[in-house]
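Trainee: Requesting a structural model of the entry that follows:
(chains A, B, C and D)
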Protein chains: 2
Amino acid sequence: MKAAAARKPAPRLSRAARTEALLHAARAVFAAKGYEQAAVAEIAARCGVVEGAVYKYFPTKRALLLAVLARWYEEMFGDYARELASIDGARERLRFLIERHLRSIRDWPQLCRLMFREVRAQPDYPDSPLYALNRRYSGLLLRVIEEGAAQGEFRADLSPRLVRDLIFGGIEHHTWRYLADARTPASRRAARAPDIARLADPLTRLVCEGLMPRAPTRRKRA
Amino acid sequence: MKAAAARKPAPRLSRAARTEALLHAARAVFAAKGYEQAAVAEIAARCGVVEGAVYKYFPTKRALLLAVLARWYEEMFGDYARELASIDGARERLRFLIERHLRSIRDWPQLCRLMFREVRAQPDYPDSPLYALNRRYSGLLLRVIEEGAAQGEFRADLSPRLVRDLIFGGIEHHTWRYLADARTPASRRAARAPDIARLADPLTRLVCEGLMPRAPTRRKRA
DNA sequence: GTTTTTGGTGAGTCTAACTCACCTTCGGCG
DNA sequence: CGCCGAAGGTGAGTTAGACTCACCAAAAAC
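Mentor: Model (predicted):
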């Protein structure tokens, strides 16, 4: 009772600083509660402001979510392209991207889940900046597949987009249980994180070599 | 003005008949509007009853959704197992299930979307009857893969579950744009339905043979 | 020191899921 | 045929949370 339901005086920040604080708090609350269960009032309270203040910075709750995720995307995939450039061979590049994708899901299951469930499913998604960010990201994998096909390391009779979607969709589906459960600390105990070391390699093999056995598993020597 | 905002007299149905009518109306409304945009009042109105009446039959809006989808699942996959039994060869059975899955998505994109977005992502899903139905369905594909491996037609060094998830997840991801857009008749014009004939085969080839070229594409003769 | 700009407030409105006390019709039973 | 209990249906609530707005006060501009 020391605060005695204290009325809030008023801290005061610049627009940039307040935006930063709101994005930080919003990420935490969205990650912990999911979109619908998250209350704008709680995000505001964590910054020491009142609910109405949030709407001075973001027009809607949804816009706040999109801003949180855009920030995360930029943090995350900032230097993927650079790292990728230092890897030789289509198959090795493929494996790298598969492993990175798995790692993103393992490390940020709640934000991935928001991306999959709240953003990608909405009709306004194709026009949002997040769509552009996602295209840039998934374009990395697409280009690896296309280049692999152009140089004869991959077969050229399959749509690169189909291959890309098989990989991303397959990973998402395989890790879905973890994505759905890893919300509260309580449930995270039950949901075991995907073991990247044991997943990246079989996945790469499956995509590259297929389900049917190869006669002597001949490996091309460059 | 001919109805003059007519007050509703009162039709009256048995519990079974009213439940049926509500499920029918709810499927239409959920399919057209999605879960959040669907109003319980509208579902009720389509049956000529008032909103409160719905809650005599279903405890929550969500329970109504689950009942709608459970009904749909049962309609849909009633005789899959039987049809599947008449097909020989793991690869052919795989192709059959891939094609059927694509067909379900093409024919019921809105309900698939509800399944993916509203049901599967919820924490109560693993305890719901829908989860059991889905396990039964996806078990068909899993068993095809396992049997194919047991009989040497498929390689045995890959987790069957990983293969299954790659297929289901890949299909879902590849058709996502259609799933997300095919809601209103207006938007369905833009979202072209997946061409099953042009998708089932490459998908089967990709999964079976892999991304890397095979020397002479040797096909086993049984 | 005055004015203007802008961060912040708190008391609203609005919508839609859900509740509840009551009404009314139907089927059974003397 | 008339009563009565059960069950379908009603409509006026309650509640929660997103969003709005008129106003205030501190900082910045002049």
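Trainee: number of nearby residues for A:Tyr80?
Mentor: Residues within reach of A:Tyr80, counting by other C-beta atoms under 10 Å in any protein chain shown, total 15. In short, each C-beta sits where N, CA and C put it, glycine included.
Trainee: my guess is it meets A:Leu140, correct?
Mentor: Yes: counting by C-beta atoms under 8 Å, A:Tyr80 touches A:Leu140, with 6.0 Å between them.
Trainee: Can you work out which residues contact both of the two?
Mentor: Here A:Tyr80 and A:Leu140 share the contacting residues A:Leu97, scored by C-beta atoms under 8 Å, 6 or more residues apart in numbering or on different chains.
Trainee: Got the domain ranges for chain A?
Mentor: Taking automatic domain parsing as the domain assignment, the ranges for chain A are A:15-65, A:77-209.
Trainee: Same list (the ones you listed) but as a markdown table, adding mean pLDDT.
Mentor: Formatted as a markdown table, the domains of chain A follow (pLDDT from 0 to 100):
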| stretch | mean pLDDT |
| --- | --- |
| domain A:15-65 | 97 |
| domain A:77-209 | 91 |
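Trainee: residues contacting the residue nearest to the spatial centre of chain A?
Mentor: In chain A, the centroid-proximal residue (C-alpha atoms, centre = their mean) is A:Cys112; its distance is 4.2 Å. Residues counted as contacts of A:Cys112 (C-beta under 8 Å, 6+ apart) are A:104-105, A:179.
Trainee: So which of those belong to helices?
Mentor: Among those, the members found in helices (DSSP state H) are A:104-105, A:179.
Trainee: ok, A:Ala156 - how many residues close by?
Mentor: Neighbour number of A:Ala156 under other C-beta under 10 Å is 12.
Trainee: Spatially nearest residue to it (excluding sequence neighbours)?
Mentor: Spatial nearest neighbour of A:Ala156, excluding adjacent residues (C-beta to C-beta, 6 or more residues apart in numbering or on different chains): A:Ala149 at 4.3 Å.
Trainee: how close does the one you found sit to DNA strand D?
Mentor: Distance check for A:Ala149 against DNA strand D: by C-beta to the nearest atom of the strand, to the nearest Å, it reads 45 Å.
Trainee: again with A:Ala63
Mentor: 8 Å.
Trainee: Can you give the distance of the helix or strand encompassing that residue from its chain's centre?
Mentor: Per DSSP states H and E: A:Ala63 is located in helix A:61-76. Computed by C-alpha atoms, centre = their mean, to the nearest Å, the chain-centroid distance of helix A:61-76 equals 10 Å.
Trainee: Using the three-state scheme, assign A:Met115.
Mentor: Secondary structure, DSSP: H, G, I helix; E, B strand; the rest coil: A:Met115 is helix.
Trainee: Next, count neighbours for it.
Mentor: A:Met115 has 21 nearby residues by other C-beta under 10 Å.
Trainee: and if you look at the one 4 residues further on?
Mentor: Applying other C-beta under 10 Å, we find 20 other residues in the vicinity of A:Val119.
Trainee: Which stretches in chain A count as helices?
Mentor: Taking DSSP H to define them, one finds helices in chain A at A:15-37, A:40-46, A:51-54, A:61-76, A:80-85, A:90-107, A:109-114, A:129-150, A:160-174, A:176-181, A:185-190, A:196-209.
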